[in-house]
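>>> Sequence unavailable; structure follows:
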């Protein structure tokens, strides 16, 4: 197990090099630069523009030189300063990463927490109204665009006044709160965005869980278990669950990827200070050090996500052994 | 398991109680924290209604400030937070009257020839850390600003035709003199954007060559010593900027009470305009500016419920259609644009015909949902002093358009309903704009439709912003494009001379031309040059208006519409004077207060 994890982490190094090089190449190849964006439509002297270009090392179009420049300083442990904010990229990314993880974990908890029991129930009560209602629910969840869903949720919050309009916590009275109130306030603000992301995921997982459970229930060992006279409940939880949940655990890595990178729109609408928003902003403004650092961070997080799903699989499924 | 459920229920209860505390902060009648030091000898006495102390004003910004350094700043989300809030300049601008007013300089005068300017500073003014403000600080600020090693855009307005900057001399602790080589009509405007910084705080950083890292986002807020009514007290990226009262601020009201009135200002960072509108609608923010036409109704509907008012002001944001008239060619020697098309685009009659064929009223009605007005020259009517009523107008008239085109040999030659030029080539061109601006994209669709009605086929393809900028600036391979301008403060057209001066960088019809490609461009350049070197305002306007008559006749860009500028504020804000120039709802932030 340990060698397996170490090997996976070592494999991350060439992956990171490739990913960052491609990112750098795309940044160079796409038109415009941070400076051209900054100076657009304003009265700035040529001299000033030239000064900025040199300062940001944007004076060469050679990908290898630009990449080498980035790599050299990164290997020294310095990910550089964001062009836009003029502060070190880690101080920007660190807090965002936590915010995004909070949102992703809450969304995953909601989607797994709903999808697994609902999917199993739909499979057991196949073709009854419960199954059909679950089907309608999951199709609605799959087809509704997340921006639209987010805006609907905000309108809901606005009409009822039960939930805040965006933000990660109350911005006006935050400093006056007790620690417990702070926790409560963040959770309260977390409800709507995590519901949006979670419900969209639920739809997907529920279909998966339902079909897996149906398949597992038709297996010989389930019939054997039934013949032994085990209760329905025990059959489902002991025998069927472990096997049916397997592919969903495999999906963990992918769903984490979706939640980290795909939550941009939800983050923007809900004003959630997450990584997706920061990264897209950085890309639009071509803030290169920030883009590169978030690509590194996202890659590492994804690799860890898929590692976790492998380890989880091994824990659930005795047939899987993690060997070096 | 039971325990965790109990804990989470408790948390939710805590949240609910927190949410109930959320009553609005009203005036308390007592400034917290209190003012410090004495009222300056030369305190500025505002003419505004005396107000009430206390409360927190909450507003929203679409993106983060990028620095707190007023010298090395070129970015609007930064200037919206710091200009005239955290920093104040020698001279100031009254957005309502649209005229210059005194700032930290209590008075100034210029010699008759406009080459020598003397500024008298207010006595007894202090920085927010209690240190006295003197002429030394101003000298230091200009030393930094004019240092070629420092990236400061504010100096660009001061540059003289031989590339030098005005000389500065300190006469005494409170008097400063500038020596210019030529008259500069924008001198006061330039000073308006030159915000003094404290010498005692930054001199060592400057001498050590570390000025670029000074006053950045990660600085300790205590180090960002300010001269404006509010100082930075906290910043969390993508969440909020908190400002608190400068206890030494140098303005008083008519009753002799010191300004400002609010205890705290909070800017929320809200990237989505829809969310921003909803936040105001629900009373989470006190003021909102730059409301999209489609959110205007939402705000209007909610006005009664949350006791607010929506103001629709004539706007400074204008949209234009531009034809590429560049005769140059790229490195491979290929002309930037097809010579046949170039011949059409360079013909003033062609551009006039297109201008007649565009239904501007329809554009205002459909795209701006009625919130705007048609324009026919560079300046919108909102620009009280500079707007030229007499520039040439192009009311929607298809027959006139067709007649003009016929004069230059463009007509339907083969009876297919489409126009061809004298060489038999069908009149067809590409048009583009920034894809992320839905209003411009809708305008493009409308123009395509308008021109189809006279038999011109437009291939409209919006593109990514960076690509568009690259086409404007570098590759130059586009036929026509829709763009927009937003005026600076003050709205003096000479501030936009990079746009209106033929051959300048941002004169996108034909930038960086050698000499002048046409006679009217030479005349335009001459008149605008005169306007920027004359001091007498009436005379300047005479030159500028002549220039605009040429502009509207020859159409280097076809100006289309000016969008209205909608702002809204709670009715409980006193001295509220909305403006469509920055800082829209809070340009007079020190005078604002809560009436209840």
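Sure, I can see it. Computed from a predicted structure; not experimentally measured. Numbers count the residues shown, from 1 in each chain, chains lettered A, B, ... in the order given.

>>> what residues does whichever strand or helix holds residue B:235 touch?
Secondary structure from DSSP states H and E places residue B:235 in strand B:230-236. Outside strand B:230-236, the residues that touch it by C-beta atoms under 8 Å, 6 or more residues apart in numbering or on different chains are A:273, B:65, B:68, B:85-86, B:128, B:217, B:221, B:224-226, B:240-246, B:260, B:262, B:264-265, B:589. Using the backbone N, CA and C atoms, a C-beta is placed for each residue, glycine as well.

>>> Spit out the contact partners of the residue nearest the centre of chain B.
By C-alpha atoms, centre = their mean, chain B has its centre lying nearest to residue B:488, at 4.0 Å. Remark: with contacts taken as C-beta under 8 Å, 6+ apart, residue B:488 is in contact with B:495-496, B:582.

>>> buried residues in stretch B:352-368?
Using 16 or more other C-beta atoms under 10 Å in any protein chain shown as the test for burial, stretch B:352-368 gives B:352-360, B:363-364, B:367-368.

>>> Could you report the distance from the residue nearest to residue B:300 when sequence neighbours are not counted to chain A?
Excluding the flanking residues, the one nearest residue B:300 by C-beta to C-beta, 6 or more residues apart in numbering or on different chains is residue B:310, at 5.2 Å. Residue B:310 sits 17 Å away from chain A, going by C-beta to the nearest C-beta, to the nearest Å.

>>> What pairs with the helix or strand harbouring residue B:310, parallel or antiparallel?
Residue B:310 belongs to strand B:308-323 when assigned by DSSP H and E. Sheet pairing for strand B:308-323, assigned by DSSP bridges, gives strand B:480-486 (antiparallel), strand B:558-570 (antiparallel).

>>> and these as TSV, adding mean neighbour count?
Formatted as TSV, the strands paired with strand B:308-323 follow (neighbours: other C-beta atoms under 10 Å in any protein chain shown):
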stretch	mean neighbour count
strand B:480-486	21
strand B:558-570	24
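
>>> Looking at those strands, which is nearest to residue A:294?
Proximity to residue A:294 (C-beta to C-beta) singles out strand B:480-486 among the strands paired with strand B:308-323, at 30.4 Å.

>>> Can you name the residue of the stretch 201-324 of chain A nearest chain B?
residue A:273 (3.6 Å; C-beta to the nearest C-beta).

>>> which residues does that residue contact?
A:95-96, A:99, A:168, A:267, B:236-239, B:269.

>>> helix or strand right after the strand holding residue B:310?
Downstream of strand B:308-323 (by DSSP H and E), the next one is helix B:339-346.

>>> gap between residue B:29 and residue B:55?
Per C-beta to C-beta, to the nearest Å, residue B:29 is found 10 Å from residue B:55.

>>> Count the neighbours of the residue lying closest to residue B:361 once chain neighbours are set aside for me.
Counting by C-beta to C-beta, 6+ apart, residue B:361 lies nearest to residue B:374, which is 6.0 Å off, once chain neighbours are set aside. By the measure other C-beta atoms under 10 Å in any protein chain shown, the count of residues near residue B:374 is 20.

>>> what's the span of stretch B:566-586 from first residue to last?
Distance between the two ends of stretch B:566-586: 14 Å, counting by C-alpha to C-alpha, to the nearest Å.

>>> Pull out the buried positions in it.
So for stretch B:566-586, counting by 16+ other C-beta under 10 Å, buried means B:566-570, B:572-586.

>>> again, but for stretch A:280-294
Here stretch A:280-294 shows A:280-283, A:285-294 as buried, counting by 16+ other C-beta under 10 Å.

>>> which of those sit farthest apart?
Largest pairwise distance in the buried residues of stretch A:280-294, by C-beta to C-beta, is 15.7 Å, between A:280 and A:289.

>>> Run a quick neighbour tally on residue B:433.
26.

>>> For the closest residue to it other than its chain neighbours, list the residues it contacts.
Nearest residue to residue B:433, sequence neighbours excluded (C-beta to C-beta, 6+ apart): residue B:482, at 4.0 Å. Contact partners of residue B:482, counting by C-beta under 8 Å, 6+ apart, are B:319-322, B:431-433, B:440, B:443-444, B:447, B:560.

>>> ok, what's across the strand from residue B:482?
Here residue B:482, judged by DSSP bridges, has bridge partners residue B:321.

>>> how about the residue nearest to residue B:193 when sequence neighbours are not counted, what does it touch?
Leaving out its chain neighbours, the residue that sits closest to residue B:193 by C-beta to C-beta, 6+ apart is residue B:154, at 5.0 Å. By C-beta under 8 Å, 6+ apart, residue B:154 lies in contact with B:71, B:145, B:190, B:193-195.

>>> what about residue B:154, distance to chain A?
Relative to chain A, and taking C-beta to the nearest C-beta, residue B:154 is found at 10 Å.

>>> Residue B:587 contacts residue B:84, doesn't it?
Yes. Assessed by C-beta atoms under 8 Å, residue B:587 is found in contact with residue B:84 at 6.4 Å.

>>> For residue B:251, grab phi and psi.
phi -120, psi 150 (degrees, to the nearest 10).

>>> Residue ranges in chain A under the pLDDT threshold?
Counting by pLDDT under 70, chain A shows low-confidence ranges at A:39-45, A:261-262, A:323-324.

>>> let's see 80
Scanning chain A for pLDDT under 80 picks out A:1, A:31-32, A:36-52, A:55, A:59, A:86, A:238, A:250-262, A:316-324.

>>> Domains in it, by residue range?
Per automatic domain parsing, the structural domains of chain A span A:2-75, A:90-316.

>>> Show me the one of these that comes nearest residue B:140.
domain A:2-75 (20.7 Å).

>>> How far off centre is the closest one?
24 Å (C-alpha atoms, centre = their mean, to the nearest Å).

>>> How about stretch B:500-513?
With C-alpha atoms, centre = their mean, you get 20 Å for stretch B:500-513.

>>> how about it against chain A, any contact?
Yes. For a cut-off given as C-beta under 8 Å from any C-beta of the partner chain, stretch B:500-513 has contacts with chain A, namely B:505-506.

>>> Report the buried residues of that stretch.
B:500-511, B:513.

>>> which residues touch it?
Contacts for stretch B:500-513 (C-beta under 8 Å, 6+ apart): A:41, A:43, A:46, B:322-328, B:378, B:472-473, B:481, B:483, B:493, B:497-499, B:516-517, B:521-522, B:524-525, B:528-529, B:547, B:551, B:556-557.

>>> Kindly recompute the last result at 6 Å.
B:322, B:325-326, B:472, B:498-499, B:521, B:524-525, B:528, B:556 (C-beta atoms under 6 Å, 6 or more residues apart in numbering or on different chains).

>>> Please apply the same query to stretch A:24-40.
Contacts for stretch A:24-40 (C-beta under 6 Å, 6+ apart): A:49, A:52-53, A:58, A:63, A:66-67, A:83, A:285-286, A:288, B:466-467, B:469-470.
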